[in-house]
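Engineer: build me a model:
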Amino acid sequence: MGILKQLEQQQHLNQQDMKAFIDLMINPQIENQIKYKALKSYTDKEMQQSELTFLAKSLIKTMYEQQPVYEGSMCICGTGGDQSGSFNISTTASFVVASAGASIIKHGNKSITSNSGSTDLLDQLKIKTTPVKEVVQQLNQCHLAFVSATESYPIMKYIQPIRKMISKPTIFNLVGPLINPFKLTYQTMGIYDQSQLANVAQTVKDLGRKKAVILHGAGGMDEASLSGDNLIYEVNAGKEIQHYTINAKDFGLKNAANDTLKGGTPEENKAIAVNILNGQDHSSKRDVVVLNAGIALYVSEKVNDIATGIQLAQQLIDDGTAMKQYLRMVGN
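Structural biologist: Residues are numbered from 1 along each chain as shown. Predicted structure coming up:
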């Protein structure tokens, strides 16, 4: 239990220490109370950027000695933990971006810190998650695969109960979107904690992404929001990380309060997603999907800038292309 003592003493962890931390957390023989103490101690200490990279790489290696590769693959996701109660923005945006021909491997989970996680919504949409070994075939057919975190990392079942024992987000909120089973080319990732933007951006760079955007939404959301300036950290391979802000109004979208983006049960979130994709919803909910899809279209190099990405996202919804993508996924 040396690692527990290190954590309780607020010590910084090297790569070997982080592996010991992971081994403790996923060991079914160790009592949950000890795991709780370890995770609580880690959550209470100041995280070093290198620790996040060590954690992500260690978790990946527990399941994938060599990550599979699908050239051009991308994940669009948020960390959760922002307490906004928003509907499933990144999941809805994934349909729009995939309809443009981007290859989306959406790595998601049942809700830990919200009413409805991405796989809760998929259950309502009657869309099955794709086993890792079938992802390539699924992408070749549909450009979009939803992968369940509990299927791709079954070891996480030993960690989830511990996460639920802690009343606030933990490092596993940050690391979840980083450990996609595939070695991604692109990524957009929203995070709830503004102070972690630089750390996550560097970790994404360490993991070898060609291009990525890490963002913190106005008003504290883990998606780009409509309520003000969104903080952006942009990663490009071989270049310095850039950071800047974007505001929805600069792209012809109306500013709106974050509480206009609230979702509800998985059934309610299904209705919201479908009404956006079929073009019936012209509210702020559509605009926030368009904004996030526009960013992702830029990151995936389908367009040269975010403004053009937003225009393309609007077009994909208005001409029915996004809805066709959804219907393809549900087998119609």
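Engineer: low-confidence ranges in the chain?
Structural biologist: For the chain, applying pLDDT under 70 flags the ranges 1, 109-118, 331-332.
Engineer: which residue packs closest to the residue nearest the centre of it, ignoring adjacent ones?
Structural biologist: With distances taken as CA atoms, centre = their mean, residue 77 lies nearest the centre of the chain, 2.2 Å away. Excluding the flanking residues, the one nearest residue 77 by CB to CB, 6 or more residues apart in numbering is residue 177, at 4.4 Å. Placement of C-beta: from N, CA and C, glycine included.
Engineer: which ones are touching that neighbour?
Structural biologist: 75, 77-79, 107, 187, 189 (CB atoms under 8 Å, 6 or more residues apart in numbering).
Engineer: what do you get if the cut-off is 10 Å, keeping everything else the same?
Structural biologist: For residue 177, the contact set (CB atoms under 10 Å, 6 or more residues apart in numbering) comprises 56, 75-80, 90, 106-109, 149, 187-191, 200, 204, 214, 222.
Engineer: ok, residue 59 next?
Structural biologist: By CB under 10 Å, 6+ apart, the neighbours of residue 59 are 18-19, 22, 25-26, 153, 155-156, 159, 172, 175-176, 178-179.
Engineer: out of the residues you listed, what pair is the most spread apart?
Structural biologist: Maximum pairwise distance among the contacts of residue 59 (CB to CB): 18.4 Å, between 19 and 176.
Engineer: show me which of these two is the more surrounded one.
Structural biologist: Taking other CB atoms under 10 Å, residue 19 and residue 176 do not tie; residue 176 has more neighbours (26 against 19).
Engineer: then the more buried one would be within a strand, right?
Structural biologist: No. Under DSSP: H, G, I helix; E, B strand; the rest coil, residue 176 falls outside any strand and is assigned helix.
Engineer: wait, isn't it in contact with residue 79?
Structural biologist: Yes. Between residue 176 and residue 79 there is a contact at 6.7 Å, judged by CB atoms under 10 Å.
Engineer: wait, residue 270 sits on residue 123?
Structural biologist: Yes. Here residue 270 reaches residue 123: they are 9.2 Å apart, a contact under CB under 10 Å.
Engineer: so these two - more neighbours on which side?
Structural biologist: Neighbour totals were compared for residue 270 and residue 123, and residue 270 leads with 21 against 16 (other CB under 10 Å).
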